[in-house]
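Trainee: Quick one, fold the following:
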Amino acid sequence: MKNRKLKISDIIFIVFIALLLIPQTRTPIQVALNKLKVAVWSPSISAMEDQDQVTPFKYAVQDLNGVSKTIPIGQGKVTFLSYWATWCPPCIAEMPGIQELYIDYGETINFVLLTQEEAEKAQRFMTKSGYDLPVYIPQMQAPEILQENSLPTNYIIDAQGTIIIKETGAADWNSGKVRKLLDGLLSK
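Mentor: Coordinates of the predicted model:
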């Protein structure tokens, strides 16, 4: 058998795999890899013939302070709807772009970020990360057309309930393409 020397690339690969096995380093590495994806991946706008329609409804939610409310979806206002979690690396990676979008469009678009986690945990994450996004805990089951088991899953829904974008996985929500779409939806 031939004696093989370890190359630098082999060592780097072994260290990388070892770091992925350690819980304390796994999430930061996964977030960093997802941030690379976010840097190049803009959400896809569905072709007109592929766009689904959600029947307008009021989403019963509870904010992180325990206050119950309903948010109209498809009832006259554009909505950015996001299913996410604090433990989800792709969710964490795309959150800065969602925050930037919220800063510029939060007054004119419904931002609805939904998590199934405890309110205290979600609030700690938002505070620690410096985000001021509207996060809610759903108090009802979403219509079937908005049910997805993958995190993150994000939707842009127009004022009449047409799902313009459905994106699963991390994406750049602060892209020029998304902003152009939102500007167009708001000018209708």
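
Trainee: This structure: strands as residue ranges?
Mentor: All strands of the chain, identified by DSSP state E, fall at 57-63, 68-73, 79-83, 110-114, 135-138, 153-157, 163-168.

Trainee: Identify whichever of those lies nearest to residue 44.
Mentor: strand 163-168 (6.7 Å; CB to CB). Yep, even glycine has a C-beta here, placed from its N, CA and C like the rest.

Trainee: Check which helices and strands the closest one sits against.
Mentor: Contacts defined by 3 or more CB pairs under 8 Å, 6 or more residues apart in numbering; DSSP states H and E place strand 163-168 against strand 153-157, helix 176-186.

Trainee: Of the ones you listed, give the one that comes closest to residue 91.
Mentor: Nearest of the helices and strands packed on strand 163-168 to residue 91, taken as CB to CB: strand 153-157 at 9.6 Å.

Trainee: And for residue 58, nearest residue in space, chain neighbours not counted?
Mentor: Excluding its sequence neighbours, the residue lying closest to residue 58 (CB to CB, 6 or more residues apart in numbering) is residue 70, at 3.9 Å.

Trainee: Report pLDDT for the one you found.
Mentor: If you check residue 70, the pLDDT there is 97.

Trainee: Repeat that for residue 31.
Mentor: The score at residue 31 is 70. That number is its pLDDT.

Trainee: Give me whichever of the helices and strands packed on strand 163-168 is most buried.
Mentor: For the helices and strands packed on strand 163-168, the largest average neighbour count (mean count of other CB atoms under 10 Å) is found in strand 153-157, namely a mean of 23.

Trainee: average pLDDT across that one?
Mentor: For strand 153-157, mean pLDDT is 97.

Trainee: okay if I get the strands of the chain as TSV plus distance to residue 43?
Mentor: TSV is the format used below for the strands of the chain (distance: least, CB to CB, whole Å):
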stretch	distance to residue 43
strand 57-63	21
strand 68-73	18
strand 79-83	11
strand 110-114	15
strand 135-138	20
strand 153-157	7
strand 163-168	4
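
Trainee: Tell me where the chain is predicted with low confidence.
Mentor: Within the chain, the stretches with pLDDT under 70 are 1-6, 15-16, 18-23, 25-30, 32-42, 46-48.
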